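Engineer: Provided below for reference: sequence and predicted model.
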Number of protein chains: 2
Amino acid sequence: MTKQATRRRGDDLVRSIHEAVLAELAEVGLGRLTMEGIARRARTAKTSLYRRWASPHDVLLDAIHDEHPQEVPSPSADDLRGDLIRALRQLVEWTRSPTAAAAAAILGERKRYPELAAALYERVFDARGGRFTLTVLRYYAARGHLDPALITPVVADIGEALVLKHSLDADAPPSDEQLAAIVDQAILPAVGRGPQRAAR
Amino acid sequence: MTKQATRRRGDDLVRSIHEAVLAELAEVGLGRLTMEGIARRARTAKTSLYRRWASPHDVLLDAIHDEHPQEVPSPSADDLRGDLIRALRQLVEWTRSPTAAAAAAILGERKRYPELAAALYERVFDARGGRFTLTVLRYYAARGHLDPALITPVVADIGEALVLKHSLDADAPPSDEQLAAIVDQAILPAVGRGPQRAAR
């Protein structure tokens, strides 16, 4: 056994396995993901995988879950606009990550793996705060700065929807300036702060 | 020559060719679309294709263009909400059409055919009114019912973005009720009409 393999314990081992499942997915695809392949790539024993996870798809969901960004609103709750822009920036950064590619692979094959796609929403997205910007919006509503009745599923989706749409149309994620425009012109008006006039 | 082939002229022939290019695309994909294949499927001569179009991709763009829905706002301009919902309903109907599948195929291969993807936006989407809801928003602004400065690219994109996002998350297009929620909770507030409280 190599020194590396004997030394890895707990978090380190889990991290190696998470990296392995994402790399394995990128190479072989969802349908050919196996415990053997993940174990080989992580240089660990298949038994150590089965101790924590029931299936390769479980390993994958766990990897996506652990890498999912968490929004941290300003403790003083006095910068809604800045906190929303930061939340969307986290989304843009996430879209460039291997876990976002894995999430896209799952959604691209949802007809074949409907339970996996459902688990992606329930066990990852919902478990990690729902949509991007929703944690921030709820934080300000809980402190009396926003009407909670305005934070509907549609409103919670505005930021993600416009970032996704921009990325599709421009074949590139929005710039910081464009994220600010999304916040000023679409999200803030929907929660009763606006509409803000466009800068130009 | 068959009776059908001799009789088709003008619009009828163009319609047959448009149907043929969409069917051919669905079967062989963008990379193997040829004038020969389109002509054979439309039961016409290749020369009659070259009389109007320079390439198979030109035929395809023309087909998508001609089938693209046009928004028709209420002449009285007194039903902004209803006109917006109708515009989004046209979008939902369009997403179920063969031309939407063709547009998705072009965007899916934009790395290989960047000029074709650019032409899809310029010669089809922009030429046919830009985003869904934009024709309606401009119509009301032109009549003094909305501040034209609020109709920014971000705001014009809200409807399409939320319909796309809903379709991705739910793997199904939004219902009429959900389209109304998009209009009430996201589009109207962004143009200075709202926010409307959610019904529940």
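Structural biologist: Thanks, I have it.
Engineer: Quick test: name the residue nearest the centre of chain A.
Structural biologist: residue A:68 (4.3 Å; Cα atoms, centre = their mean).
Engineer: Excluding chain neighbours, what is closest to that residue?
Structural biologist: Counting by Cβ to Cβ, 6 or more residues apart in numbering or on different chains, residue A:68 lies nearest to residue A:128, which is 4.3 Å off, once chain neighbours are set aside. Where you see a C-beta, it was placed from the backbone N, CA and C, and this is true even at glycine.
Engineer: just residue A:69 next, same as before
Structural biologist: residue A:90 (4.3 Å).
Engineer: hang on, the earlier thing: my guess is the residue nearest to the centre of chain A contacts residue A:124, does it?
Structural biologist: Yes - counting by Cβ atoms under 8 Å, residue A:124 is a contact partner of residue A:68 at 6.0 Å.
Engineer: just for chain A, where's the confidence low?
Structural biologist: Residue ranges of chain A with pLDDT under 70: A:1-9, A:195-200.
Engineer: ok, now which ones touch the nearest residue to residue A:29 once chain neighbours are set aside?
Structural biologist: Distance criterion Cβ to Cβ, 6+ apart; nearest residue to residue A:29, sequence neighbours excluded, is residue A:105 at 7.3 Å. Listed by Cβ atoms under 8 Å, 6 or more residues apart in numbering or on different chains, the contact partners of residue A:105 are A:25, A:29, A:30.
Engineer: can you redo the residues you listed as JSON lines with neighbour count, distance to residue B:34 and secondary structure?
Structural biologist: Output for those, formatted as JSON lines (neighbours: other Cβ atoms under 10 Å in any protein chain shown; distance: Cβ to Cβ, whole Å; DSSP: H, G, I helix; E, B strand; the rest coil):
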{"residue": "A:25", "neighbour count": "25", "distance to residue B:34": "36", "secondary structure": "helix"}
{"residue": "A:29", "neighbour count": "12", "distance to residue B:34": "30", "secondary structure": "coil"}
{"residue": "A:30", "neighbour count": "17", "distance to residue B:34": "33", "secondary structure": "helix"}
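Engineer: Among these, which one sits closest to residue B:112?
Structural biologist: For the contacts of residue A:105, the minimum distance to residue B:112 (Cβ to Cβ) is 20.3 Å, reached by residue A:29.
Engineer: Against residue A:96, how distant is that closest one?
Structural biologist: 21 Å (Cβ to Cβ, to the nearest Å).
Engineer: just to revisit the earlier point, helix, strand or coil for the residue nearest to residue A:69?
Structural biologist: helix (DSSP: H, G, I helix; E, B strand; the rest coil).
Engineer: What is the neighbour count of residue A:153?
Structural biologist: Neighbour count for residue A:153, taken as other Cβ atoms under 10 Å in any protein chain shown: 15.
Engineer: Could you do residue A:162 as well?
Structural biologist: By other Cβ under 10 Å, the residues close to residue A:162 number 30.
Engineer: Now do the same contact list for the nearest residue to residue A:66 once chain neighbours are set aside.
Structural biologist: Spatially, and ignoring its direct neighbours in sequence, residue A:66 is nearest to residue A:18 (6.2 Å; Cβ to Cβ, 6+ apart). By Cβ under 8 Å, 6+ apart, the contact set of residue A:18 is A:59, A:62, A:63, A:66, A:67.
Engineer: what's the answer for residue A:68, then?
Structural biologist: A:94, A:99, A:124, A:125, A:128.
Engineer: Got a ChimeraX select line for the buried ones in those residues?
Structural biologist: The ChimeraX command for the buried members of those (criterion: 16 or more other Cβ atoms under 10 Å in any protein chain shown) is given here:
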select /A:99,124,125,128
